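Student: return atomic coordinates for the entry below.
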Amino acid sequence: MKNSPKEFEGKLVVVTGGTRGIGLAIATLFDELGAKVIKVGKSKAGKKDIVGYYQCNFEDESSLQLLAKFLKNKKPDILINNAGININSSFDKIQLSDFMKIQKVNIVAPLLLSQAVLPSMKSRGWGRIVNISSIWGKVSKSERASYSSSKFAIDGMTLALALEYAKWGVLANCVSPGFTDTELTQKNLGPKGIKEVLKSVPMGRMAKASEIAELVVWLASEKNSYVTGQNYVIDGGFSRA
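Tutor: Numbering: from 1, shown residues only. As a prediction, this is how the structure comes out:
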């Protein structure tokens, strides 16, 4: 179904990690469909050329609390928890400080930000929260213990939230992307790494960030009137092969 150019007119959308990759694709699509978008990012530089930008360091609890207060006052209709970090390590060499940093950004931040927006969503009887998980929150592999812990956790948190707030018209879901063609993926894997990875993807290619965005936007739209508590995997068949 084709999106209406004014589908989200009058809606305030917050996208964390909204300045690059999947987050930028999500924010851009919402903007194209008429929403007022606030992108949340870590870099000060983003303020120069991004309308509706809020700088926040999710690793800093005071910065995160200020963002939560800001969102509580802004009362957004839609929250997309997309920001995330990963530090690969063999299990026996995981540093507790790295493990806790990942949990703070990937699961504590979505918890606090969701708590901040839920009162206004509940009072208006409508709201959408979409948490961006990962294929590594459905399956895992070596050196992903810290990251997978956070992504499996966000699935459970999303389900509990969805069950609790469904009666107030607040729908919450996860989206779990597989290998996605972003600048970060290109940098981390390189041409040889990507070629090797694609051997495991039945569709033989990575996802486009825009494809992830389309699913996220649908879940956050009026078209979605009955889907909540779900975790949608979009990975070209990788996890089922």
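Student: just give me the residue closest to the centre of this structure.
Tutor: With distances taken as Cα atoms, centre = their mean, Asn82 lies nearest the centre of the chain, 2.3 Å away.
Student: got the contact list for that residue?
Tutor: Asn82 is in contact with 15-18, 22-23, 26, 132, counting by Cβ atoms under 8 Å, 6 or more residues apart in numbering. Backbone N, C-alpha and C define where each C-beta goes, glycine included.
Student: among those residues, which ones are in helices?
Tutor: Cross-referencing those against helices under DSSP state H gives 22-23, 26.
Student: with just CA atoms, put the helix or strand of the chain with the lowest mean pLDDT into PDB.
Tutor: Taking mean pLDDT, DSSP states H and E as the measure, the helix or strand of the chain with the lowest value is helix 183-198, at a mean of 89. Extracted in PDB, the C-alpha atoms of helix 183-198 (Å, rounded to 0.1, in the frame of the first residue of the first chain):
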ATOM      1  CA  GLU A 183      28.100   3.200   6.100                       C
ATOM      2  CA  LEU A 184      28.900   1.500   9.400                       C
ATOM      3  CA  THR A 185      28.400  -2.000   8.000                       C
ATOM      4  CA  GLN A 186      30.600  -1.200   5.000                       C
ATOM      5  CA  LYS A 187      33.300   0.100   7.400                       C
ATOM      6  CA  ASN A 188      33.200  -2.700   9.900                       C
ATOM      7  CA  LEU A 189      33.000  -5.600   7.400                       C
ATOM      8  CA  GLY A 190      34.700  -4.400   4.300                       C
ATOM      9  CA  PRO A 191      34.200  -5.800   0.800                       C
ATOM     10  CA  LYS A 192      35.600  -9.300   1.700                       C
ATOM     11  CA  GLY A 193      33.600  -9.500   4.900                       C
ATOM     12  CA  ILE A 194      30.400  -8.500   3.200                       C
ATOM     13  CA  LYS A 195      30.900 -11.100   0.500                       C
ATOM     14  CA  GLU A 196      31.400 -13.800   3.100                       C
ATOM     15  CA  VAL A 197      28.300 -12.700   5.100                       C
ATOM     16  CA  LEU A 198      26.100 -12.800   2.000                       C
END
